[in-house]
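Asks: Based on what follows, work out the 3D shape:
(one chain, ligands or ions: 1)
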Amino acid sequence: MQFETLAVHEGRDIDPTTGAVAPPIHLSTTFERDPDGGFSRGFEYIRDDNPNRRSLEACLSALEGGIATVAFPSGMAAISAAIEALRTSHEGALFVPRDVYFGMRALLTETEFGRKLDVVTVDMTDAAAVERATRDRKPGIIWVETPSNPLVSIVDIAAISAIARKHGAAVVVDNTWATPFLQRPLELGADVVVHSLTKYIGGHSDVMVGAAIVRKDGPHLVELRSIQRNKGLVPAPFDCWLALRGASSLAARMTVHCGSAMAIANFLQGHPAVTAVHYPGLPAHSGHEVAKRQMRDFGGMLSFEVRGGREEAMSVAAALKVFTRATSLGGNHSLIEHRASVEGPATMAPEGLLRAAIGLENVSDLIGDLRQALAAITE
Ligand SMILES: *Cc1c(COP(=O)(O)O)cnc(C)c1O
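Replies: Sure thing, here's the model as predicted:
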């Protein structure tokens, strides 16, 4: 079965008691025992397993090509669980990209758990630099985000996985921005994929869920499952239901996100008030060739730099009428954000940079909106 078909059908059997095509939401916290004390219907207590979580996990495993999925209440919960699960079997440092997701940087610096980790920051887009860094420190876990935030840079997943294998390290790919429709890291050598389903997979900016998907059976999966159940890091049934519903239309939505982002990148590139456009679909982008190889399309995220600096970028964001000034990505609405002010002094984002999550509005309306907002600073 192809991706689109799996996305609609996996984890979604017709309800045998009612014939309901849309799956029911099971809020029950507890499940009846058989007369002999067993649980032949497969469920015992909501935290251990429940029907909506199991459905979501089955669907995500099929979409990422993994053996199993462990769902979490947020992307950050999935990320910290993945680090914890892999650390026990992979001694060594945690290698993270220089432009690691801002929430992950906070996890590493603002929590006791994170501060205890031996963290090495590398330019993950440069495989040779990663290899060089292994001479000083043995890698335990290598962390990949591609495309990255906010410069939308591209990491060669196969190349990094080959380096990790050589050193006995595990590779985790945060696949939130690409989604499995565009990129399947487990097939490129990654051991674990993590997601914020809050973004493209949920797809409508109305649910927070996370997940970790593993390539093969074994200690990683056992450990992740144990963290989920025993630390109580479990998403609610309704949240799982919403994320599963989002997954069913992922392919169709991603196609629109990607097509519109490409058109907008081309428009911005030709605009006199724009000094740089960061989008891997542009042939001049440093990650274009790798992206072409490992992705089906180039994604719905881009960033651009406005002539001038912070003040000009803020005034463009203020003048936009169709774009909404808000953080996050992956929903119907196009969102715009001045990352330098969101991230504060530790930011790698240039002051004139705006990050755009391209939504599902008509692309001419989006381009028209950008044109009128940019006009103010070229006058
Ligand atoms: C949003 C995001 C996360 C965190 O996910 P939450 O669901 O907000 O906890 C992690 N990684 C990336 C790349 C993200 O965009």
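Asks: Do you have the helices of the stretch 201-350 of the chain handy? List them.
Replies: For the stretch 201-350 of the chain, applying DSSP state H, counting those that start in this stretch gives helices covering 219-230, 237-248, 250-269, 288-294, 310-319, 339-343.
Asks: Would you mind listing what in the protein touches the ligand?
Replies: Proximity of the chain to the ligand is confined to 74-76, 101, 103, 145, 174, 176-177, 196, 198-199, 208, 210 under the rule C-beta under 6 Å from any ligand atom. To be clear about C-beta, it is placed using only N, CA and C from the backbone, and glycine gets the same treatment.
Asks: Inside helices: which ones of these?
Replies: The members of these that map onto helices under DSSP state H are 75, 76, 103.
Asks: which of these are buried?
Replies: 75, 76 (16 or more other C-beta atoms under 10 Å).
Asks: Nearest to residue 136 among the ones in helices among the residues of the chain next to the ligand?
Replies: Lowest distance from residue 136 to those (C-beta to C-beta) belongs to residue 103, with 27.0 Å.
Asks: Leaving aside the residues adjacent along the chain, what's closest to whichever residue of the stretch 51-200 of the chain sits closest to the ligand?
Replies: When C-beta to the nearest ligand atom is the measure, the stretch 51-200 of the chain has its nearest residue to the ligand at residue 75, with 2.2 Å between them. Residue nearest to residue 75 in three dimensions, not counting chain neighbours: residue 196, with 2.6 Å by C-beta to C-beta, 6 or more residues apart in numbering.
Asks: surely the one you found meets residue 74?
Replies: Yes. Taking C-beta atoms under 8 Å as the contact criterion, residue 196 and residue 74 are neighbours in contact, 7.1 Å apart.
Asks: So these two - more neighbours on which side?
Replies: Neighbour totals were compared for residue 196 and residue 74, and residue 196 leads with 28 against 18 (other C-beta atoms under 10 Å).
Asks: what sits against residue 223?
Replies: Applying C-beta atoms under 8 Å, 6 or more residues apart in numbering to residue 223 gives the contacts 84, 85, 86, 88, 89.
Asks: what about 10 Å?
Replies: Taking C-beta atoms under 10 Å, 6 or more residues apart in numbering as the definition of contact, the neighbours of residue 223 are 70, 81, 82, 84, 85, 86, 87, 88, 89, 214.
Asks: Does anything pack onto the helix or strand containing residue 105? Which helices or strands?
Replies: Assigning secondary structure by DSSP states H and E places residue 105 in helix 102-110. Judged by 3 or more C-beta pairs under 10 Å, 6 or more residues apart in numbering; DSSP states H and E, helix 102-110 is in contact with helix 75-87, strand 93-97, helix 112-115, strand 119-122, strand 139-145, helix 339-343.
Asks: so for it, what's the average pLDDT?
Replies: Helix 102-110 shows a mean pLDDT of 95 in the predicted model.
Asks: Buried residues in it, which are they?
Replies: Of the residues in helix 102-110, 102, 104, 105, 107, 108 count as buried by neighbour count, 16+ other C-beta under 10 Å.
Asks: for those, which one is nearest residue 133?
Replies: When these are compared against residue 133 (criterion: C-beta to C-beta), the nearest one is residue 108, at 16.5 Å.
Asks: Give the closest residue to the closest one in space, chain neighbours not counted.
Replies: Across the structure, with C-beta to C-beta, 6+ apart as the measure, the residue nearest residue 108 apart from its sequence neighbours is residue 114 (3.9 Å).
Asks: ok, that neighbour to residue 79 distance?
Replies: Computed with C-beta to C-beta, to the nearest Å, the distance linking residue 114 and residue 79 is 10 Å.
Asks: Then residue 175?
Replies: Noted for residue 175: a distance of 12 Å to residue 79, by C-beta to C-beta.
Asks: so what sits against both of these two?
Replies: The contact sets of residue 175 and residue 79 overlap at 194, 195, 196 (C-beta under 10 Å, 6+ apart).
Asks: any chance of the residues you listed in a markdown table, with pLDDT too?
Replies: Rendered in a markdown table, the data for the shared contacts of residue 175 and residue 79 read as follows (pLDDT from 0 to 100):
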| residue | pLDDT |
| --- | --- |
| 194 | 98 |
| 195 | 98 |
| 196 | 98 |
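Asks: low-scoring stretches of the protein, by residue?
Replies: For the chain, the stretches flagged by pLDDT under 70 are 379.
Asks: what's the spatially most central residue of the chain in contact with, if anything?
Replies: Residue closest to the average C-alpha location in the chain (C-alpha atoms, centre = their mean): residue 176, at 1.0 Å. Applying C-beta under 10 Å, 6+ apart, we find residue 176 in contact with 75, 78-79, 101, 145, 147, 149, 193-201, 210, 301, 329-330.
Asks: Leaving out sequence neighbours, find the closest residue to it.
Replies: The shortest distance from residue 176 to any non-neighbouring residue, by C-beta to C-beta, 6+ apart, is to residue 196 (4.5 Å).
Asks: how much space is there between residue 47 and residue 209?
Replies: Going from residue 47 to residue 209 by C-beta to C-beta gives 16 Å.
Asks: got it, and residue 287?
Replies: When C-beta to C-beta is the yardstick, residue 287 and residue 209 sit 28 Å from each other.
Asks: More neighbours: which of those two?
Replies: Comparing residue 287 with residue 209 by other C-beta under 10 Å, the one with more neighbours is residue 209, at 28 against 24.
Asks: so residue 372 touches residue 273, yeah?
Replies: No. Residue 372 is not in contact with residue 273 according to C-beta atoms under 10 Å; the separation is 11.7 Å.
Asks: Appreciated, that's everything.
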